[in-house]
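[1] A predicted structure for the sequence below; I have some questions about it.
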Amino acid sequence: MHERHRYIVGRLYDGVLSPTDWYGGMEAFRDAVGGMNFYQLTVDLQARTVLESITSAGDDEGVSNYEQHYALIDERVPAMLRLGQGEMLLDHEHFSERHMSRSALYADCLAPMGMKYTMGLMLRVEGSVQQYVGFVRASDRPRFSDDERRLALHLIPEVMRAARLRARTIQLAQQAALGLAALDALPQAIALVDAHCRIQHCNAAADRLLCTPGAMHVRHGRLQCDESAAQAQWRCIVAAACMRQGTGTAGTLMAKSGTRSLVVTVLPIHAHHPAAFLETPLALVVLHDPDAPQGLDPRLIADMLGLSPTETRLALMIASGRTIKDFAAAEGVSWHTARTHIKNLLRKTGCRRQMEIAALLRSLRMGGCQFRDGRLADLRVERCVGAGHRISRRQGCLQGTRSSEAGTLSGSTLLGLLGRLAWRRRPV
């Protein structure tokens, strides 16, 4: 008895993470109480939906016949749903032999499949969600005995606990899948790390960023800074974010390596977050390259600056630190053709050098048109737009004025106006 009890419980606990072991544990439970088949059902009574259905019946035609014609008139189901958590139902205690002989379910559905008596157990009740399991005995076997009843009642506390753990594990797996899918869809470079800076997940943008030489790299599965001073600060910030019991704090640092730099933001992940799918505390790391024009829509750039698709691609490559030779190789064109495109790009944007193009796209990415310490601050726009609006330079910044009032335009308004402007260089 004890050996069989340990085997059943062990298989069900293994089944928390393994569907095969859960099925095997239920089969062992069925055999221990003398059943022929088992069925496990999880339903949401409020939503009127079946969340999960598992059965050991090998008669697929008989199961399909039950689902189509008898499930809605099954007199066992209302009695089963009235059970409290951990309670048992034996159908011979609710329905007489005469009732079973006249019942459409027992006479026309179960009997042809060689089944009759049922033992039902309520495993889990969580709000409107109920989960129960039923063991059906062969029609040539007697009713469930008192020994079989005691065995089931002895097992049910462990079975209930295993069922709760299994349900929680399935829920966490679903949340993790949703959370990671959402992270993978983001254009920002995002990683999940533990308190020891070990990477648990990187989205596609982070993979691309960390594959290139820069201020941070991956070594033996850990995210690290190139500089030792930044590395010490990085480890302290991650440790602070991964503190237990919801006490984690956010932090940020600027990681540098030569001329390359990364702005690193570290955020604690709360237990209810979809990404918090592990037992250990995690931190969400956002990596931002301040020199990369991330988040710029090529179509928006083309519309605002009046560029062709080829010129737009060239502008983006220049803003990301690439050269004219890189552009020619990527586009499969000659050096002379690439030089023609860069001349047209400089002419249309009013820039004199490639670094001014990079500064222009960085400014557009940040949502404003303020150019400090650069040649673009000397740009003036001659053409008036709309009902009295004008763009002009004032104190090193591009500003907008109206015939009746003056003031600095918001970034979104200014970008909209820039799309309809002709840029020309004037002496200051």
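    Nice, thanks for sending it over.

[2] where along the stretch 201-350 of the chain do the strands fall?
    216-219, 222-225, 251-257, 260-268, 283-288 (DSSP state E, counting those that start in this stretch).

[3] between the ones you listed, which one is nearest to residue 107?
    When the strands of the stretch 201-350 of the chain are compared by Cβ to Cβ, strand 283-288 sits nearest residue 107, at 60.4 Å. For the C-beta atoms, the positions are set from N, CA and C on the backbone; glycine is no exception.

[4] what pairs with that closest one, and is each one parallel or antiparallel?
    Partners of strand 283-288 in the sheet, by DSSP bridges, are strand 189-193 (antiparallel), strand 260-268 (antiparallel).

[5] Report the rounded mean pLDDT for it.
    Confidence for strand 283-288, expressed as mean pLDDT, is 86.

[6] How about stretch 49-58?
    82.

[7] and if you look at stretch 347-357?
    Computed over stretch 347-357, the average pLDDT equals 81.

[8] Likewise for stretch 17-35?
    93.

[9] Ok, stretch 183-199 next?
    Per-residue scores along stretch 183-199 average to 84.

[10] Including mean neighbour count, could the strands of the stretch 201-350 of the chain go into CSV?
    Shown next, in CSV, are those (neighbours: other Cβ atoms under 10 Å):
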stretch, mean neighbour count
strand 216-219, 16
strand 222-225, 18
strand 251-257, 17
strand 260-268, 19
strand 283-288, 21
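
[11] Switch the ones you listed over to a markdown table; also include distance to residue 69.
    Shown next, in a markdown table, are the strands of the stretch 201-350 of the chain (distance: least, Cβ to Cβ, whole Å):
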| stretch | distance to residue 69 |
| --- | --- |
| strand 216-219 | 59 |
| strand 222-225 | 59 |
| strand 251-257 | 63 |
| strand 260-268 | 55 |
| strand 283-288 | 52 |
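
[12] So for residue 149, which of those sits nearest?
    For residue 149, the closest of the strands of the stretch 201-350 of the chain is strand 260-268, at 50.2 Å, according to Cβ to Cβ.

[13] So which residues make contact with the closest one?
    By Cβ atoms under 8 Å, 6 or more residues apart in numbering, the residues outside strand 260-268 that reach it are 213-216, 234, 237-238, 241-243, 246, 248-256, 281, 283-291.

[14] could you measure the residue sitting furthest away from the middle of the chain against residue 92, distance?
    Computed with Cα atoms, centre = their mean, the residue of the chain farthest from its C-alpha average is residue 98, at 55.5 Å. Distance of residue 98 to residue 92, given as Cβ to Cβ, to the nearest Å: 12 Å.

[15] per-residue confidence at residue 274?
    Reported pLDDT for residue 274: 49.

[16] hmm, back to that, and the strands paired with strand 283-288: which comes nearest residue 312?
    Closest to residue 312 of the strands paired with strand 283-288 is strand 189-193 (Cβ to Cβ; 22.7 Å).

[17] now the closest one, how far from the chain's geometric center?
    Offset of strand 189-193 from its chain centre (Cα atoms, centre = their mean, to the nearest Å): 12 Å.

[18] got the contact list for that strand?
    183, 199-203, 205-206, 208-210, 223, 238, 269, 275, 282-289.

[19] Which elements pack onto the longest strand belonging to the chain?
    Criterion DSSP state E: the longest strand present in the chain is strand 115-126. If you count contacts as 3 or more Cβ pairs under 8 Å, 6 or more residues apart in numbering; DSSP states H and E, strand 115-126 packs onto strand 37-44, helix 76-81, strand 88-90, strand 129-138, helix 146-185.

[20] export these to a markdown table and tack on mean neighbour count and distance to residue 8?
    Listed next are the helices and strands packed on strand 115-126 as a markdown table, based on neighbours: other Cβ atoms under 10 Å; distance: least, Cβ to Cβ, whole Å:
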| stretch | mean neighbour count | distance to residue 8 |
| --- | --- | --- |
| strand 37-44 | 19 | 12 |
| helix 76-81 | 16 | 21 |
| strand 88-90 | 17 | 16 |
| strand 129-138 | 21 | 12 |
| helix 146-185 | 15 | 6 |
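
[21] Let me have the ones you listed in JSON lines, extended by distance to residue 319.
    As requested, these are exported to JSON lines (distance: least, Cβ to Cβ, whole Å):
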{"stretch": "strand 37-44", "distance to residue 319": "51"}
{"stretch": "helix 76-81", "distance to residue 319": "63"}
{"stretch": "strand 88-90", "distance to residue 319": "70"}
{"stretch": "strand 129-138", "distance to residue 319": "52"}
{"stretch": "helix 146-185", "distance to residue 319": "24"}
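
[22] tell me, which of these is the model least confident about?
    helix 146-185 (a mean of 85).

[23] Now do that one and strand 37-44, the angle between them.
    Computed with axes from the mean of the first three to the mean of the last three Cα atoms, to 10 degrees, the direction of helix 146-185 lies at 50 degrees from that of strand 37-44.

[24] Could you give the separation of helix 146-185 from the chain centroid?
    21 Å.

[25] Any figure for the gap between the residue nearest the centre of the chain and residue 81?
    Centroid-nearest residue in the chain: residue 179, 2.0 Å away (criterion: Cα atoms, centre = their mean). Going from residue 179 to residue 81 by Cβ to Cβ gives 33 Å.
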